[in-house]
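In: Here is my input; please provide its structure:
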Amino acid sequence: MSYPRPLEVELLEPAETLIENALRTVIPTRRSVARFQILEATAAKIGGFPLRALRFTKNSQEPDYIAPLTDVPGLLLSALFKTGIHPSLCLAILSRPRLYAMERRSQGVYHTDFRLAQYLASRLRKRIKVDLRLIDPACGTGILLVASALHLSDNSKRLRDHLLADILCGMDLSPLALRGARLSLASLTNDGCVIKSMSSRLRQGDSLLSGLEAWKDIAPGGFDVVVGNPPWEKLRLTRHEWLKANGVKRHYGGEYVTESLLTGIHVQRNRMSQYMKSLQSKYNLQGNGEHDLYKLFLELSLCMARPGGEVAILLPGGFIRSQGTTALRASTFGLCSRVTLTVFDNKARFFQIDSRFKFLLLSGSLQNGHPDGGISLSFASPSNGHGVHAGTSVVIPRDTLTRLRPNLSIPEVRTSSEWKLFLHFAGRGRLLRDPDGPWRPKFMREVDMTQDKPCFLQQPDQGAVPLIEGRMVHQYQFSAKRYVSGTGRRALWLPNGKAMEKVHPQFYIAVEKLPPQAQDRFRLNRAGFCDITGQTNERTMLASRIPSGMVCGNKVPTLLFNGDLRNQQLYIDSWLAIVNSFCFDWLLRRVATTSVNYFLLLDLPMPPIQPRSKEGEKLACLSAQLSSGKNMDGWKRAEIRAEIDWRVLSAFGCDAKTMELLLGDFPLLDRSQPVLPGEARSTITKDLLLLRTAQHLGGVSKSQVNQWEERVAKAKALGAVAYIPSHLVTNSRH
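Out: Numbers count the residues shown, from 1 in each chain. Next up is the predicted model:
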């Protein structure tokens, strides 16, 4: 998979090319040192200080590579000014080590984009005082420290020198990264004494192990400001990552044919285990499961900030929704007042990762007493030029959040209208986890695709059953795709067309080889869903019947309900109708990103429908028709889907106006359908659903109903069919 090229890499390409061309005259083993010398010479030109001011440490004994390259710093400075980025920020970017994709993955290092650094700094209060202390405990090459200095100094040289000499602190494991931080910050002054004092506050070490103790000489009572973009990776090591890091070319999910290269992984895993044990005594808000570095650094930041101090830290989106961050959320929201959460995605090319990746800036102040006020949630987007701005904030009251979401996970609502709709659904519905509710689901992961892989078969031997994988499951279809060839992420799968009942899996497994938990389960009809999904996909919840005689991989958790086997099919079909509806999908998109786990599902409100009620039985009947696998006209299926959708919405007590609001969250519908003349894309599903909802539930004017009716008729005449998943369209259409 290729990822977008970060904007800052694109802007700095001429500068990078200039440096690389200059380094061709230096022997390869010395190029790293020569590179830093070029950058230090450029920093001296920017700041206006003699280069020897940066040569008071051990690197002063280095051979001088800059002598034959004396014109390069001037040319580089000219190139930096053309980028539109402050040159000191440019130096921090150019000082970073180059990381390959696997190194970024294994180390969790996603360097801070200059726009994010400036935005984070802009959130800090301007309050310079003599004893103010600011730290980045994982500072890297210092881009957040540079951005903070630029923001807090207000273009005052006196204030900036005070910040550099007495206030800014940083720690990092890498001495090379600290060298980059030193030269980047030094470029902000022309005072050699300031540079020397500043350098003493850039310390090499492991902040997680040393904590506040390492700074007793500078900040005995804690720091006034803690900023950071800590590593975003779990403390674990997989075979795949180990092999990639050791030069083995392979793709995820491929066969392990190089077991001899795995001997060293045990040593590394043991070291990691010992490191984790040393951290457990220091951090108690990490929850169960694997340790995430960002969680550890957030807890560290809360410990390093003094009462009344500020925390501003970039975190993955999982902080506001993951089950493993429940304790950390409770502590953070309990300690901090004026909590602001600014949510970003990667469409602006901040990082070299998937454009849909969500992350956020958490900022807040630690209070001595009980925090007041709500939690402010906003969504950021790039502004004109090279800036970032956040949209209108939605304030979520703490008491409402505690009542609504006891785990304090934050629903992603962009407007007050969305927040009111979320509150309405929550008020009318009952959580799936409700022990007194009608569902009482029993989840199961039947077969582990990694651990049980030695038992898999490529051909359907006698006594073997098909293995259903996540990519095969779509709404009401357990075999929406058929396997063609390949392995892992390089496997080729194609739409199964109309033959939904025909299964073409990649693997089979003998019944006697099934794990104990699946021995009885596979003999039952049950519900299943694909747990790998996307908040911005065409649809997020993909659930289907799983017939007896088939077993599911771990990416297709299965459900049975209520312990009532006699009425089990009724429960399955009515549940499928609800969770495949746009209402439920809209709710799920408020709390999901790239996966659907039990934790998310159990905490979402279900409409007040009893499966054995008249309405529940009606929904189950409609759902059963869609799941039957029989050939059915595309428009008949669409009308059944629309009826399910408006019936679920009706159970929540809403009308067509509400349906119009929530459908705005599904912009990828109907990409494969014919487009009405003069329009950019088809809206046949939206038009049909709004028409049927308005006809049955009202909420809009008669003229609006007539308009939707006319649009549906025109689209049908062009051959459009509603509710057709765009990526499942085949040549034998509909």
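In: Any idea how far apart the tips of stretch 606-616 sit?
Out: 12 Å (C-alpha to C-alpha, to the nearest Å).
In: Which parts of the stretch 151-300 of the chain are helices?
Out: 157-162, 175-186, 192-199, 207-210, 239-245, 263-280, 293-304 (DSSP state H, counting those that start in this stretch).
In: who touches the second one?
Out: In this case it means helix 175-186. Helix 175-186 is contacted from outside by 32, 36, 39-40, 43-44, 47, 49, 53-54, 59, 88-89, 91-92, 95-97, 139-143, 145-146, 149, 164, 168, 170, 172, 195, 198-199, 202-204, using C-beta atoms under 8 Å, 6 or more residues apart in numbering. No exception for glycine: its C-beta is placed from N, CA and C like everyone else's.
In: buried sites along it?
Out: Across helix 175-186, burial judged by 16 or more other C-beta atoms under 10 Å covers Leu176, Ala177, Leu178, Arg179, Gly180, Ala181, Arg182, Leu183, Ser184, Leu185, Ala186.
In: and Tyr571, how many neighbours does it have?
Out: The number of residues packed near Tyr571 is 26, by other C-beta atoms under 10 Å.
In: Please report how far it lies from Phe599.
Out: Distance of Tyr571 to Phe599, computed by C-beta to C-beta, to the nearest Å: 21 Å.
In: Where do the strands of the stretch 551-700 of the chain begin and end?
Out: With DSSP state E, counting those that start in this stretch as the criterion, the stretch 551-700 of the chain has strands at 551-552, 558-561, 605-606.
In: What of the stretch 101-250 of the chain?
Out: Per DSSP E, counting those that start in this stretch, the stretch 101-250 of the chain carries strands over the ranges 134-136, 168-172, 202-204, 223-228.
In: mind checking which of those strands is nearest Asp399?
Out: Nearest to Asp399, of all the strands of the stretch 101-250 of the chain, is strand 223-228, at 27.4 Å by C-beta to C-beta.
In: relative to helix 293-304, how tilted is the closest one?
Out: With axes from the mean of the first three to the mean of the last three C-alpha atoms, to 10 degrees as the basis, strand 223-228 and helix 293-304 are set at 170 degrees to each other.
In: Strand 223-228 pairs with which strands, and in what direction?
Out: When pairing is defined by DSSP bridges, strand 223-228 lines up against strand 134-136 (parallel), strand 305-316 (parallel).
In: what's the average pLDDT for the last one?
Out: If I follow you right, that is strand 305-316. For strand 305-316, mean pLDDT is 94.
In: same check, this time on the shortest one
Out: Model confidence over strand 134-136 averages 98 on the pLDDT scale.
In: Give me the contacts around that strand.
Out: Residues outside strand 134-136 that contact it (C-beta under 8 Å, 6+ apart): 142, 144-145, 148, 152, 163, 167-171, 215, 219, 223-228, 304.
In: Wasn't Thr42 part of a helix?
Out: Yes: the assignment for Thr42 by DSSP: H, G, I helix; E, B strand; the rest coil puts it in a helix.
In: And for it, nearest residue in space, chain neighbours not counted?
Out: Pro73 (4.3 Å; C-beta to C-beta, 6 or more residues apart in numbering).
In: Tell me, how many residues neighbour that neighbour?
Out: 22.
In: surely it meets Lys45?
Out: Yes: if you go by C-beta atoms under 8 Å, Pro73 and Lys45 touch, sitting 5.4 Å apart.
In: And the helices in the stretch 1-150 of the chain?
Out: With helices called from DSSP H, counting those that start in this stretch, the stretch 1-150 of the chain shows them at 7-11, 13-23, 31-47, 72-81, 87-94, 101-107, 114-122, 143-153.
In: Least confident of those, on average?
Out: Mean pLDDT values for the helices of the stretch 1-150 of the chain show the minimum at helix 101-107, a mean of 44.
In: can you put the strands of the stretch 101-250 of the chain in a markdown table and add mean neighbour count and distance to Ser78?
Out: Formatted as a markdown table, the strands of the stretch 101-250 of the chain follow (neighbours: other C-beta atoms under 10 Å; distance: least, C-beta to C-beta, whole Å):
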| stretch | mean neighbour count | distance to Ser78 |
| --- | --- | --- |
| strand 134-136 | 28 | 30 |
| strand 168-172 | 25 | 28 |
| strand 202-204 | 17 | 28 |
| strand 223-228 | 26 | 31 |
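In: of all the ones you listed, which lies closest to Pro466?
Out: It's strand 223-228; of the strands of the stretch 101-250 of the chain, that one is closest to Pro466 (C-beta to C-beta) at 48.1 Å.
In: mean confidence score for the closest one?
Out: Rounded mean pLDDT across strand 223-228 is 97.
In: where does this structure have low pLDDT?
Out: Scanning the chain with the threshold set as pLDDT under 70 gives 1-2, 56-60, 98-109, 235-269, 289-290, 368-372, 498-501, 629, 730-734.
In: switch to 50 and redo it
Out: Low-confidence segments of the chain, defined by pLDDT under 50: 100-108, 251-252, 731-734.
In: what's the domain layout of it?
Out: For the chain, automatic domain parsing gives the domain ranges 7-233+292-366, 239-280, 441-627, 634-728.
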